[in-house]
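Asks: dropping the sequence and predicted coords here.
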Amino acid sequence: MGVVLSRTELVKIRPQMKKAGKRVVFTNGCFDIIHRGHVDYLTKAKALGDVLVVGVNTDGSVRRLNKGPGRPVVEEDDRAAVMAALAAVDYVCLFDEDTPYELIKSLVPDILVKGADWSVHDVVGKDIVESAGGSVQTIEFLPNRSTSKIIQKIAETAARQSK
């Protein structure tokens, strides 16, 4: 089971990981309603290294990203706790910025991972990771799995039931 840490706490333990020869993998996202697609993605990310750190957008950050009305559905502390409970996840860190750039700059992971909907050239923090000798990789998502689709299905079901 993973642990939710502040950025300061995460940065403090990073040298221990490096000293132990652990390859740190970092990814990030809103992870509003966690589903099988997230679990698959995170499992694949963890397989690329030894320690998986997941940056989770705060509620304010999610709202600024215009994910949709009423988003996030699940509050940040709950999203972080559920994320930390996943077998593949070692550490979770909330970040309030619109991008994880500052968190990546603080952590300097060995491997930076995003979904294959991103071009490697456009991944935020690529410059930091590659200049430190690390790599940036993308992972394919499971088809037809998304938080937006789950929310849409809930809304459609609620609309049918209210008739």
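Replies: Structure's in. What do you need?

Asks: please count neighbours and contacts with C-alpha atoms only from this point.
Replies: Fine.

Asks: so who does the residue nearest to the spatial centre of the chain touch?
Replies: What sits nearest the mean C-alpha location of the chain, by Cα atoms, centre = their mean, is N28, with 2.5 Å. Contact analysis of N28 by Cα atoms under 8 Å, 6 or more residues apart in numbering lists 54-57, 100, 114.

Asks: now do the strands in the protein.
Replies: 3-4, 24-29, 51-57, 91-95, 111-115, 135-139 (DSSP state E).

Asks: mind listing what the fourth one pairs with, with the direction of each?
Replies: It refers to strand 91-95. strand 3-4 (parallel), strand 51-57 (parallel) (DSSP bridges).

Asks: Throw those into JSON lines and include distance to P72 and mean neighbour count, thanks.
Replies: Below are the strands paired with strand 91-95 laid out as JSON lines (distance: least, Cα to Cα, whole Å; neighbours: other Cα atoms under 10 Å):
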{"stretch": "strand 3-4", "distance to P72": "19", "mean neighbour count": "19"}
{"stretch": "strand 51-57", "distance to P72": "10", "mean neighbour count": "26"}
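
Asks: give the residue spans of the protein that score low on pLDDT.
Replies: Applying pLDDT under 70 to the chain picks out residues 146-148, 150-151, 154-155.

Asks: residue boundaries of the helices in it?
Replies: Using DSSP state H, the helices of the chain run over residues 7-19, 36-46, 59-64, 76-85, 101-107, 126-131, 147-161.

Asks: out of the ones you listed, flag the one nearest I139.
Replies: Nearest to I139, of all the helices of the chain, is helix 36-46, at 6.8 Å by Cα to Cα.

Asks: in the closest one, what's buried?
Replies: Neighbour-count burial for helix 36-46, counted by 16 or more other Cα atoms under 10 Å, picks out 37-39, 41-43, 45-46.

Asks: repeat that for stretch 89-100.
Replies: Applying 16+ other Cα under 10 Å to stretch 89-100 flags 89-96, 99-100 as buried.

Asks: hey, what's the residue lying closest to S135 once chain neighbours are set aside bridged with?
Replies: Leaving out its chain neighbours, the residue that sits closest to S135 by Cα to Cα, 6 or more residues apart in numbering is I111, at 5.0 Å. Beta bridges link I111 to V25, S135 when assigned by DSSP bridges.

Asks: how close does I111 get to T58?
Replies: Distance, I111 to T58, using Cα to Cα, to the nearest Å: 23 Å.

Asks: if I pick L142, what's in contact with it?
Replies: 37, 40-41.

Asks: as CSV, the residues you listed with distance to A85 would be great.
Replies: Below are the contacts of L142 laid out as CSV (distance: Cα to Cα, whole Å):
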residue, distance to A85
G37, 16
D40, 14
Y41, 15
